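Trainee: Fold the following for me, if possible:
(2 chains)
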Amino acid sequence: DTGVSQNPRHKITKRGQNVTFRCDPISEHNRLYWYRQTLGQGPEFLTYFQNEAQLEKSRLLSDRFSAERPKGSFSTLEIQRTEQGDSAMYLCATRTGHSTDTQYFGPGTRLTVL
Amino acid sequence: DAKTTQPPSMDCAEGRAANLPCNHSTISGNEYVYWYRQIHSQGPQYIIHGLKNNETNEMASLIITEDRKSSTLILPHATLRDTAVYYCIVRATDSWGKLQFGAGTQVVVTP
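Mentor: Residues are numbered from 1 along each chain as shown, chains lettered A, B, ... in the order given. Predicted structure coming up:
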């Protein structure tokens, strides 16, 4: 257990529904990342927060995806109008602000879109 | 950030040392080498990182060549619990810190 928690751990939804995932970071970590991982591939970067500011978004983050980090604590990732291609593991990682500090990953949320 | 090349898979006998190679021939002077591993259905786990000196911690040792174009992760006494995908990543300290994962090396430790 790294101290980063994600909920839910598993989510099954029907195509077209909206889903929201939550990440709770280690308390002193002000940097937060979301990644997506499909079967057989390494995780791919989606977006990055420094405190409450979203500073970088990948081109993978289509307009159906939105991420927030109100008050610089927990973060949510919402997917609207889910598609079968959204089925993946969604990973959250956090770290301190030190330049070489490592990222600690949560256990992930596995999304299955039927 | 520089790209890395790793073998897709390797086997290791339990109790023996596992030596995992990684090539990063385009690495820049401000880029560190990080190793993570991912056990099936879990989030990636940090193992070790280094700039140019060899590093050792309770999990592994990291050997970086003098020209920094390649490195080797050494698991000194592999156990069945070390079966995982191992990722070698290079990251610049002045970047936002996002990690660019490749496909990694699937390590299978056999009894």
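Trainee: from here on, contacts and neighbour counts on C-alpha atoms
Mentor: Fine.
Trainee: Give me the below-cutoff pLDDT ranges for the chain.
Mentor: Chain wasn't specified; assuming chain A. Residues of chain A meeting the criterion pLDDT under 70: A:99.
Trainee: hmm, I had chain B in mind actually
Mentor: Using pLDDT under 70, the flagged stretches of chain B are B:1-2, B:94-95.
Trainee: Chain A contacts on that one?
Mentor: Selection of chain B residues close to chain A by Cα under 8 Å from any Cα of the partner chain yields B:42-46, B:93-94, B:96-104.
Trainee: which residues does whichever residue of chain B sits closest to chain A contact?
Mentor: Nearest residue of chain B to chain A, counting by Cα to the nearest Cα: B:Gly43, 4.6 Å away. B:Gly43 is in contact with A:91, A:105-108, counting by Cα atoms under 8 Å, 6 or more residues apart in numbering or on different chains.
Trainee: Apply the buried test to the residues of chain B next to chain A and list what passes.
Mentor: Buried members of those, scored by 16 or more other Cα atoms under 10 Å in any protein chain shown, are B:42-46, B:96-104.
Trainee: From these, which land in helices?
Mentor: Assigned to helices by DSSP state H, none of those qualify.
Trainee: and which of the contacts of B:Gly43 is nearest A:His29?
Mentor: Using Cα to Cα, A:Phe105 comes nearest to A:His29 of the contacts of B:Gly43, at 11.9 Å.
Trainee: picking that back up, quick check: closest non-adjacent residue to the residue of chain B closest to chain A.
Mentor: A:Pro107 (4.6 Å; Cα to Cα, 6 or more residues apart in numbering or on different chains).
Trainee: and if you look at A:Arg69?
Mentor: A:Ser75 (4.3 Å).
Trainee: so how many other residues sit close to the one you found?
Mentor: 22 (other Cα atoms under 10 Å in any protein chain shown).
Trainee: is it in a bridge, and if so with what?
Mentor: Per DSSP bridges, the residues bridged to A:Ser75 are A:Cys23.
Trainee: which residues touch it?
Mentor: Contacts of A:Ser75 (Cα under 8 Å, 6+ apart): A:22-24, A:67-69.
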